[in-house]
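> Need coordinates for the below:
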Amino acid sequence: MKIKPLADRVVVKPLEAEEKTKGGLYVPDTAKEKPQQGEVVAVGPGRVSDDGKKVPMEVKIGDRILYGKYSGTEVRYDDIDYLIMRESDIFAII
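Residues are numbered from 1 along each chain as shown. Sure thing, here's the model as predicted:
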């Protein structure tokens, strides 16, 4: 990965939204919701606390995560869409 995030930021590759519902219906592209799951592809070194100590990151490369629907900043690099967000925007590791 050539993108190296700074501080407590992570680079996430969003997972594709489901094309078929549980009932078997296909969802057109225009009706799909933004994905809320992704895979961490790069992690920053961690933030510096108020007393000057570095706080290590809890997520690592390869983790599947849940994040808010409108979290992060969308970035396109080498024709692949990524999200860059703070670690605090991540809700859970799945």
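> and the gap between the residue nearest the centre of the chain and residue 46?
Centrality entry for the chain: nearest residue to the mean C-alpha point is residue 12, 3.3 Å, by CA atoms, centre = their mean. With distances taken as CB to CB, to the nearest Å, residue 12 is found 17 Å from residue 46. Glycine gets a C-beta too; all of them are placed from N, C-alpha and C.
> Next: residue 93.
Taken as CB to CB, the spacing of residue 93 relative to residue 46 amounts to 16 Å.
> Check residue 22 too.
When residue 22 is compared with residue 46 (using CB to CB), they lie 39 Å apart.
> Please identify which of these two sits among more neighbours.
residue 46 (15 against 6; other CB atoms under 10 Å).
> Point out where this protein drops to low pLDDT.
In the predicted model, the chain carries pLDDT under 70 at residues 1, 17-21, 27-33.
> could you pull out the strands for it?
9-14, 37-43, 47-48, 54-55, 64-67, 73-77, 80-86, 90-93 (DSSP state E).
> from the middle of its chain, how far away would the third one be?
Put plainly, it is strand 47-48. Between the centre of strand 47-48 and the centre of its chain there are 19 Å (CA atoms, centre = their mean, to the nearest Å).
> other SSEs contacting that strand?
Taking 3 or more CB pairs under 8 Å, 6 or more residues apart in numbering; DSSP states H and E as contact, the helices and strands that strand 47-48 lies on are strand 54-55.
> please redo it, this time with the cut-off set to 7 Å
Applying 3 or more CB pairs under 7 Å, 6 or more residues apart in numbering; DSSP states H and E, we find strand 47-48 packed against no helix or strand.
> Paired strands for it, with orientation please.
Paired with strand 47-48 in the same sheet, following DSSP bridges, are strand 54-55 (antiparallel).
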